[in-house]
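# have a look at this prediction, sequence included:
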Number of protein chains: 2
Amino acid sequence: MTQLETYITEHEERFLDDLKGWLRIPSISTLPEHAGDVRAAAEYAARDLQRIGFDKVEVIATQGHPLVYGEWLNAPGKPTVLIYGHYDVQPVDPVELWDTPPFEPTIRNGNIYCRGACDDKGQTMLVFKALESLMAVDGKLPVNVKVLIEGEEEAGGESIEHYVRTTPEPLGCDAAFICDTHMPGPETPALITGLRGIIYTEVEVQGARRDLHSGTYGGIAPNPLHALAIIISKLKDEQGHIHIPGLYDKLRPAAQVERDFWEKDPLNFAEALREEMGVSQLVGEVEHPPLERISARPTLEVHGIAGGFIGEGAKTVIPAVAKAKISLRLPPDLISKEIFRLFEKAVHNAAPEGVNVTVRNLHGGEGLVVDLDNPAMVAATQALKETYGKEPIYLREGGSIPVAALFNEILHVPVVLMGFGLPDDNLHAPNEKYSLAQFYRGIRTVARFLQNLA
Amino acid sequence: MTQLETYITEHEERFLDDLKGWLRIPSISTLPEHAGDVRAAAEYAARDLQRIGFDKVEVIATQGHPLVYGEWLNAPGKPTVLIYGHYDVQPVDPVELWDTPPFEPTIRNGNIYCRGACDDKGQTMLVFKALESLMAVDGKLPVNVKVLIEGEEEAGGESIEHYVRTTPEPLGCDAAFICDTHMPGPETPALITGLRGIIYTEVEVQGARRDLHSGTYGGIAPNPLHALAIIISKLKDEQGHIHIPGLYDKLRPAAQVERDFWEKDPLNFAEALREEMGVSQLVGEVEHPPLERISARPTLEVHGIAGGFIGEGAKTVIPAVAKAKISLRLPPDLISKEIFRLFEKAVHNAAPEGVNVTVRNLHGGEGLVVDLDNPAMVAATQALKETYGKEPIYLREGGSIPVAALFNEILHVPVVLMGFGLPDDNLHAPNEKYSLAQFYRGIRTVARFLQNLA
């Protein structure tokens, strides 16, 4: 056993305690009442970087939640890696569906359950622990490292975008590394070669100037909830086709190797997802394989519809206003701002008469395609092979990491997307968890990745 | 001035105080945490009947909220009237839209603002005060009176239905009188000659077994919110046509006099409603006049859609379950139980593949058509003419008072629907109010109605 391996093995329990301490801070970035917690989580990350031995550690104020920056640049002649993570988490509603309190880290069946356990405190913390282990064993890191951690990933990420666009020089590097993605299974190492972008919108429909009683006004009053149903049903049909004129025009054809992989689905991933969801059949565009639909096709989803009465019992109200939260996932080349304009127009065209419709762009981010041949991807491939004993597979992930596209665009560097989440980690849902085995294997893999890169 | 008129005028302030005391009790029948308040409101009504001089006053326990019964049967040879009202009220959400607290009665511009001010504490209390005035002035009532007040009108009214069906003998009478309806304006007395029935349903759609992240599952996962949008858009189109096969089959053709009234709309009521709603145009079936649409056509409305995320910011969740509250208003002859079966079938037929749909009938009630020639309607017509100085108009009301159909069916008596609400009373909405002028005129009208009936 190498010294590094020994160090990691001996410190697993303390590494987990460090994660638990971070998880207990309810750093929900979208809820203003948690602003203090978000700041506390930033400071927790900064203290950990200082403890590891980073030379320069800052909590950088922004218009929103702070960024945490740290650097260790004492490996002359070696490459420089920019490491990204985020310390903010999603809201916890519906809280009654959690088996244990959402901010009390709980170990069950080899998993740690907590909001943020996977996304992204667990994945960020394992990178920190890889850095700590390398520093502890060798007294130095094998490469130069800059760390940039944000607190608005779940809230649109405006501050980091502004920071990277206006302050690119200090972030100069040879590669970026983001640990915020998944593997198809615990024995199937994977690297992500593409990400979808996103637009997240709110469609507000106004009918009458006040709530109305359906007995008195039903038959002549505009019903904003009905109008939203009409709009949504026109935007996406039962076959999963999205009816936004122009949406599919710029879609880049997939490579043959990708199309083959999607068709063959050698890991039977689609069936695993079907079982995991507990549904009798997958829905969506039957003319595209399921793996393509979740990773490389544009999708449109409704996330919530507000307005009227949803309590116990019966209230015969026609609400004055109703709102829907609707997002689109966008494969690379579908530019979020352009697609928002098409979306906005399609919503207005779909609206029935008699209501006023407002469409808001809550946030957007671009997709990405990663080149497999750059040295950072080669080093990551090798590290996964060493830890997991098999070649990683290359996947596109359906989710959006806008900062990956941003690093690519502004810093002109390859972006390594290597994460250790699993498909059943319940991201953004009740009972989010992270596999302890993946946490510890992740530490080993990241340490090897940095060594290989040197 | 008659003795009666003098008594009413001298006691207006105390009558209003008695109403205020009742209004302060938050008797929301659909919220279990208010069960104690609902009972307190029942006891308040019982005490008032005792004070007036009713011989027998009972608070009758039921499976749900209690009934209040009172009788005064000391007018041998005179007709017996059964008087109905309800002491329960609607929930108050969204509470932030109330200008003053919903259970603090507040006088502004000649109105009393409070949940229940009109529906139906204000209208029930004015009947009590008419009874009190008659008793105080004459030492007796001009007719025999039975009073039956329920506490579940806003919650389906199951208990009163059970009571009337199983205990019809003690309720025997010559006419029923319900004070829970509206006039088109403060100078336009009206009697209601027809009511719509209702079914109030909940449609639940289940997709995956748990909430999902749209980045990982978008494209293959069933989205219950999208499925509800599809279902709702198929049930009712943009032109207000309801697509439930069989729904329109039993619709009774309206009388020519009604059709003429709807076409001519001599009071320009449709335009008044449009202005009041603050909309540029009325929606719905253009081939039917607006007055017909709100009173004699079946309508379908969505009242709320639950599921997913509606908080501040962005959460990319695909909910496991979503529910919609949907009601239909049913003109006479459309039987609620039959229509529910048609509705249920139509919902299942409209549902997209890949989801499980459950349809629940939360409650139902039948519509009614009232005969204009019976003595009770003649007495009411005369009373309105005496108080308001003009002939009342005859209207159908679009709302549902299931108990009216019940009295008609079980007790076989004519049902007088004479109420003093106004179109802008904000029933079931924030800032519910009742006109003080209507409250006082109502007392005078009801007293005259009972005198005329004798």
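Looks like it came in fine. Since this is a predicted model, take the numbers as computed values, not measurements. Residues are numbered from 1 along each chain as shown, chains lettered A, B, ... in the order given.

# A:Ala437 contacts A:Glu187, doesn't it?
No. The pair A:Ala437 / A:Glu187 is not scored as a contact, 10.1 Å apart, by CB atoms under 8 Å. From N, CA and C alone the C-beta is placed, and that goes for glycine too.

# in terms of neighbours, single out the busier of these two.
Taking neighbours as other CB atoms under 10 Å in any protein chain shown, A:Ala437 and A:Glu187 compare with A:Ala437 leading, 13 against 9.

# return the distance of that one relative to chain B.
Computed as CB to the nearest CB, to the nearest Å, the A:Ala437 to chain B distance reads 20 Å.

# same check, this time on A:Pro290
5 Å.

# I'd assumed A:Leu273 was in contact with that residue.
Yes. Counting by CB under 8 Å, A:Pro290 does reach A:Leu273; the two are 7.3 Å apart.

# overlap of the contact sets of the two?
Here A:Pro290 and A:Leu273 have A:282, B:220 as joint contacts, going by CB atoms under 8 Å, 6 or more residues apart in numbering or on different chains.

# end to end, how far does stretch A:112-121 reach?
Taking CA to CA, to the nearest Å, the first and last residues of stretch A:112-121 lie 12 Å apart.

# tell me where the stretch 151-300 of chain A has strands.
A:175-178, A:190-195, A:197-206, A:212-213, A:299-306 (DSSP state E, counting those that start in this stretch).

# what's in contact with the second one?
Judged by CB under 8 Å, 6+ apart, the contacts made with strand A:190-195 from elsewhere in the structure are A:181-184, A:295-296, A:331-332, A:367-370, A:372, A:377, A:380-381, A:384, A:392-397, A:399-401, A:404-405, A:416-419.

# from those residues, which land in helices?
A:295, A:377, A:380-381, A:384, A:404-405 (DSSP state H).

# out of those, give me the one that has the most neighbours.
When neighbours are counted by other CB under 10 Å, A:Ser295 leads those with 28 neighbours.

# which residue does the stretch 351-454 of chain A bring closest to chain B?
Chain B sits closest to A:Gly399 of the stretch 351-454 of chain A, with a gap of 2.6 Å, by CB to the nearest CB.

# check contacts around A:His303.
A:325-327, B:214, B:225, B:308-309, B:314-319.

# quick check: closest non-adjacent residue to it.
A:Lys325 (4.2 Å; CB to CB, 6 or more residues apart in numbering or on different chains).

# neighbouring strands for the helix or strand hosting the one you found, and are they parallel or not?
Using DSSP states H and E, the secondary-structure element containing A:Lys325 is strand A:321-330. In the sheet, strand A:321-330 lines up against strand A:197-206 (antiparallel), strand A:299-306 (antiparallel) (DSSP bridges).

# how about those in TSV, adding mean pLDDT and distance to A:His363?
Listed next are those as TSV, based on pLDDT from 0 to 100; distance: least, CB to CB, whole Å:
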stretch	mean pLDDT	distance to A:His363
strand A:197-206	96	5
strand A:299-306	98	13
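
# most packed of the ones you listed?
strand A:299-306 (a mean of 26; mean count of other CB atoms under 10 Å in any protein chain shown).

# next SSE downstream of it?
strand A:317-318.

# now for that following strand, which elements pack on it?
strand A:212-213, helix A:214-217, strand B:299-306 (3 or more CB pairs under 8 Å, 6 or more residues apart in numbering or on different chains; DSSP states H and E).

# among these, which is nearest B:His162?
Distance to B:His162, taken as CB to CB, is lowest for helix A:214-217 among those, at 23.4 Å.

# for the spatially closest residue to A:Ala429 that is not a sequence neighbour, give me the pLDDT.
Spatial nearest neighbour of A:Ala429, excluding adjacent residues (CB to CB, 6+ apart): B:Asp211 at 3.9 Å. Here the pLDDT value assigned to B:Asp211 is 92.

# same question, A:Asp371
Predicted confidence (pLDDT) for A:Asp371: 80.

# for the one 5 residues further on, same thing?
As predicted, A:Ala376 sits at a pLDDT of 96.

# check A:Asp55 too.
94.

# now do the SS call for A:Ala46.
helix (DSSP: H, G, I helix; E, B strand; the rest coil).

# for the residue of the stretch 351-454 of chain A closest to chain B, which residues are in contact?
A:181, A:195-196, A:329, B:213, B:215-216.

# what number of residues lie near the residue in the stretch 201-350 of chain A that chain B sits nearest to?
Chain B sits closest to A:Gly215 of the stretch 201-350 of chain A, with a gap of 2.6 Å, by CB to the nearest CB. Residues lying near A:Gly215 (other CB under 10 Å) number 27.

# my guess is it contacts A:Lys315, does it?
No. At 11.7 Å, A:Gly215 and A:Lys315 do not qualify as touching, with contact defined as CB under 8 Å.

# follow-up on the earlier one: packing partners for whatever helix or strand comes next after the strand holding A:Lys325?
Where DSSP H and E defines the elements, the next helix or strand beyond strand A:321-330 is helix A:336-350. For helix A:336-350, the elements it packs on are strand A:197-206, helix A:224-235, strand A:321-330, strand A:356-365, judged by 3+ CB pairs under 8 Å, 6+ apart.

# which element is A:Asp17 on?
With DSSP H and E as the criterion, A:Asp17 is inside helix A:12-23.

# what does A:Arg143 show for phi and psi?
No, residue A:143 isn't Arg; it's Val. phi -130, psi 170 (degrees, to the nearest 10).

# next up, the contacts around A:Glu263.
So A:Glu263 contacts A:Pro289 (CB under 8 Å, 6+ apart).

# give me the domain ranges for chain A.
A:3-195+A:368-453, A:197-260+A:285-365 (automatic domain parsing).

# wait, which of those is closest to B:Glu432?
domain A:197-260+A:285-365 (9.9 Å).

# between the two ends of the closest one, what distance do you get?
End-to-end for domain A:197-260+A:285-365, by CA to CA: 5 Å.

# just how off-centre is it within its chain?
21 Å (CA atoms, centre = their mean, to the nearest Å).

# show me the contacts for the residue of the stretch 201-350 of chain A closest to chain B.
By CB under 8 Å, 6+ apart, the residues touching A:Gly215 are A:316, B:196, B:198, B:329, B:397-400.

# now do the same for it: its pLDDT.
87.

# how about the nearest residue to it, chain neighbours excluded?
Counting by CB to CB, 6+ apart, the residue nearest A:Gly215 is B:Gly399, at 2.6 Å.

# try A:Met277
B:Ala208 (3.8 Å).

# do the same with A:Gly122
Per CB to CB, 6+ apart, closest to A:Gly122 is A:Tyr434, 3.9 Å.

# other SSEs contacting the host helix or strand of that neighbour?
In the assignment (DSSP H and E), A:Tyr434 maps to strand A:433-435. With contacts defined as 3+ CB pairs under 8 Å, 6+ apart, the packing partners of strand A:433-435 are strand A:111-113.
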